[in-house]
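Peer 1: Fold the following and give me the result.
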Amino acid sequence: MKVTPAIVILLISILPATSQEEQQMQSLPNGWSQTIDYSGEKIKVSYCRVPTQQNGKAIELEGLLYEDINLCSYRGIVVTHGRDGPHPKRNPKELYGLSTLNVYLAVRGFSVLYLVRKGYGNSEGYDLC
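Peer 2: Numbering: from 1, shown residues only. The predicted model follows:
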């Protein structure tokens with residue numbers, strides 16, 4: 001079977017913004033979810049804590065899972081944010097970064113897990129750099 005690589009170009013600047021309410025939330029309980037309406041599509045956004053390890057110690061990363069509730073099977077994408085200099089400050093709103101892109105992809109049939117990196121937002125651990 002021949003596999004042909006595909007190139008996808010996303011024009012993030014032209015995507016419609018998500019709701020103000022979604023961007024203003026700060027800390028959520030594990031298992032929290034909300035269904036949002038995006039141009040007639042119902043997208044379920046769920047808060048999750050993802051277990052991992054750092055130097056042999058168990059830690060959890062926070063994340064949001066975006067899914068179109070009308071689909072029964074998904075293609076998956078993991079999205080995360082960039083790094084903000086050598087000693088970044090914690091930003092509790094980091095969880096809502098790239099929300100427009102995440103919703104855009106969910107509407108198009110992808111299950112999107114947006115993870116907040118170690119040492120950022122409300123994820124445990126520390127940035128190694």
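Peer 1: where does the protein have low pLDDT?
Peer 2: 1-27, 129 (pLDDT under 70).
Peer 1: now the helices: where do they sit in it?
Peer 2: Remark: helices assigned in the chain by DSSP state H are 20-24, 99-107.
Peer 1: do you know how far the residue nearest to the spatial centre of the chain is from Lys57?
Peer 2: What sits nearest the mean C-alpha location of the chain, by CA atoms, centre = their mean, is Tyr114, with 1.7 Å. Computed as CB to CB, to the nearest Å, the Tyr114 to Lys57 distance reads 24 Å. For the C-beta atoms, the positions are set from N, CA and C on the backbone; glycine is no exception.
Peer 1: can you give me how far the longest strand anywhere in the chain is from the chain middle?
Peer 2: In the chain, with assignment by DSSP state E, the single longest strand is strand 41-54. Distance of strand 41-54 from its chain centroid, counting by CA atoms, centre = their mean, to the nearest Å, is 7 Å.
Peer 1: For Asp127, which non-adjacent residue is spatially closest?
Peer 2: Gly119 (3.6 Å; CB to CB, 6 or more residues apart in numbering).
Peer 1: what sits against that neighbour?
Peer 2: Taking CB atoms under 8 Å, 6 or more residues apart in numbering, we find Gly119 in contact with 88, 90, 125-127.
Peer 1: how about a cut-off of 6 Å?
Peer 2: Residues in contact with Gly119 (CB atoms under 6 Å, 6 or more residues apart in numbering) are 125-127.
Peer 1: Export those to JSON lines and append columns for distance to Glu94 and neighbour count.
Peer 2: JSON lines is the format used below for the contacts of Gly119 (distance: CB to CB, whole Å; neighbours: other CB atoms under 10 Å):
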{"residue": "Gly125", "distance to Glu94": "14", "neighbour count": "18"}
{"residue": "Tyr126", "distance to Glu94": "14", "neighbour count": "12"}
{"residue": "Asp127", "distance to Glu94": "12", "neighbour count": "16"}
